[in-house]
Each structure stands twice: as C-alpha cells, then as structure tokens.
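> I would like to see how this sequence folds:
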Amino acid sequence: MDIQRLYSLIRKGIDDYNLIQNGDKIAIGVSGGKDSIALLEGLAGLKRFYPKKFELVAISVSLGFEGMDFSPIRELCDKLNVPYYVVDTDIAEIIFEARKESNPCSLCAKMRKGALNEKAKELGCNKVAYGHHKDDVIETLFMSMIYEGRIHSFAPETYLDRMDLTVIRPMLYLTEADVIGFKNKYELPVVKNKCPADGNTKREYIKNLISDINKETPGVKNRIFTAMVTQNISGWGGNDNE
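Residues are numbered from 1 along each chain as shown. Below you'll find the predicted structure:
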C-alpha cells in the first residue's frame, strides 16, 4: 500500500465519523509497533493539507523493559515535525515482578492508557489517537462475545469523561494487511516489543481463529465489519451520527 492510499483511508475514517475538528490538539499513542507508526505517518501527512487545522504530538509509554530503544521513533518524529515525548514507567516491574500477573494484558493496557492520557492532558491535548484498524475492530467483537457474553467493540470515537479526553481511531478502514504492506514498502522503523506475553494472548488466539474462518469462507471479515457499521451497535453508524 502506498502513502496516498494510507492518507485516503485515514481521511475517510476521519470524515465519516467527524473525528477531527478545527483547533484539535491530538496526541498519537505510539507504541513502536507498525499500526501506531502508520497512524503517525498518516496524520502527519494529512495535517499538511486537511481543511481542518489541528496540532499533533506523539507519545510513547515505556513499560520499563530493558533494551527498549525509542530513538528510531524520535528520528521519524523529527523528520515529520511532530513533537515527541517518552513517558517512563515501572509498569513491567509492577505486573511481572510485584503482582506476578498470570494474565497481564488487561492490567497493562489500563496502566499504559492511564499514563498516555495523563501526558496528553499535561501537554494540553483534547484528543488521543490510537492505531486500531479494521482487524482490531473484528477481533474485539469476537473477544467480547466469546469471553464476556456481549456484542461490543470499541467505537471510532470515545469520550473519556473522567479525563475530559476524546479517543479517536482514524484507521478503522485499514486492514492489518494494508498496514503490513505499508510498513514493508516504506521500511517503517518498528520497535520490537520486549513483553514476554507478546504473541501469546487471547487476542492472538482470536486473530488466528478469525483468519481460519476467513480462509474457509473468504470475505467473512468484511461482512462482519459491515454488520458492525450497519446494525446499530453503539458508537457506529458513520454519517448517520452527525
């Protein structure tokens, strides 16, 4: 996928769900993975010509694992003229040493988001952008049904009233394959995740399950996503919500 296609799909998500307004200051949560770096590239590029004017900052939350090097992201942010901040935490020590969590992902995600949101507020941001894509939407729907017994997935936009922040997800029309293609074509500076639970999670199981279903019945993922958009699930509905 080339960069113009990236801009086009991100802009469609922004326009369909009114994710950006004039004067917004948006913090991009940059984990170092391909998704968040693609979002950084996309929003930094759109900022140059999008009709609504907005500011960007990029924030990485360091979990405290040894060997994490965010310098490639800093270099990319310098190139894109996006201010970059790293928040140092001891999340890894709390989860894996102090608490010895057997299922660490949920608590880790909660703590990471808390650290990201606090830094975003400190920097005067009113919105935080996550790099969730179409496959993430579908996987979250399956996880909610299988593990929680409810039909739910995150919405394109979520208001966090306790923080007075709005979370936006501009990449909802991109597939993971799109992002991988973009990463490979432009050699994005992906930072390797040092978490010992990486690749061994419930989400990874669900990802593989959906992949197997889609191989047996091609087009399933697109039909599931269409159902999300059209069946009046909370937060979805595109321009109908305007």
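
> and the longest helix for the protein?
Scanning the chain for the longest helix, with DSSP state H as the assignment, gives helix 105-122.

> which elements pack onto the worst-scoring helix or strand of the chain on mean pLDDT?
One helix or strand of the chain scores below all others by mean pLDDT, DSSP states H and E: helix 91-92, with a mean of 83. Using 3 or more Cβ pairs under 8 Å, 6 or more residues apart in numbering; DSSP states H and E, the elements in contact with helix 91-92 are helix 105-122. Yep, even glycine has a C-beta here, placed from its N, CA and C like the rest.

> and the helix it packs on, average pLDDT?
Averaged across helix 105-122, the pLDDT comes to 90.

> sorry, back to before: mind checking how far the least confident helix or strand of the chain is from the chain centre?
Offset of helix 91-92 from its chain centre (Cα atoms, centre = their mean, to the nearest Å): 20 Å.

> likewise for stretch 64-72?
On Cα atoms, centre = their mean, the centre of stretch 64-72 falls 20 Å from the chain's centre.

> what residues of that stretch count as buried?
The neighbour-count check on stretch 64-72 (16 or more other Cβ atoms under 10 Å) flags 64, 68, 70 as buried.

> ok, and what's touching it?
For stretch 64-72, contacts defined as Cβ atoms under 8 Å, 6 or more residues apart in numbering pick out 32, 60, 62, 86, 88-93, 189, 191, 194-195.

> what's the ChimeraX syntax to select whichever of the residues you listed are buried?
Filtering those down to the buried ones (16+ other Cβ under 10 Å) takes a single ChimeraX command:
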select :32,60,62,86,89,91,92,191,195
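
> strands of the chain, start to end?
Ranges of strands in the chain, per DSSP state E, are 25-29, 55-62, 84-88, 127-129, 157-160, 165-168.

> any chance of these in JSON lines, with mean pLDDT and distance to Ser106 too?
Converted to JSON lines, those look like this (pLDDT from 0 to 100; distance: least, Cβ to Cβ, whole Å):
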{"stretch": "strand 25-29", "mean pLDDT": "97", "distance to Ser106": "17"}
{"stretch": "strand 55-62", "mean pLDDT": "96", "distance to Ser106": "16"}
{"stretch": "strand 84-88", "mean pLDDT": "95", "distance to Ser106": "20"}
{"stretch": "strand 127-129", "mean pLDDT": "98", "distance to Ser106": "19"}
{"stretch": "strand 157-160", "mean pLDDT": "95", "distance to Ser106": "17"}
{"stretch": "strand 165-168", "mean pLDDT": "97", "distance to Ser106": "17"}
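
> of those, which is nearest Leu141?
With Cβ to Cβ, the closest approach to Leu141 among the strands of the chain belongs to strand 157-160: 15.3 Å.

> ok, and what's touching the closest one?
17-19, 117, 165-169, 235.

> what distance separates that strand from the middle of the whole chain?
Distance, stretch centre to chain centre, for strand 157-160: 14 Å (Cα atoms, centre = their mean).

> Provide the strand pairings for it, with the direction of each partner.
Pairing partners of strand 157-160, with direction, according to DSSP bridges: strand 165-168 (antiparallel).

> ok so, going back, make CSV from the buried residues of stretch 64-72 and add distance to Asn184 and pLDDT to it.
Converted to CSV, the buried residues of stretch 64-72 look like this (distance: Cβ to Cβ, whole Å; pLDDT from 0 to 100):
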residue, distance to Asn184, pLDDT
Gly64, 30, 76
Met68, 23, 80
Phe70, 21, 91
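
> point out where the chain drops to low pLDDT.
Regions of the chain meeting the criterion pLDDT under 70 cover residues 100-102, 196-200, 237-242.

> spatially central residue in it, please.
Among the residues of the chain, the one closest to the centroid is Gly131, at 2.3 Å (Cα atoms, centre = their mean).
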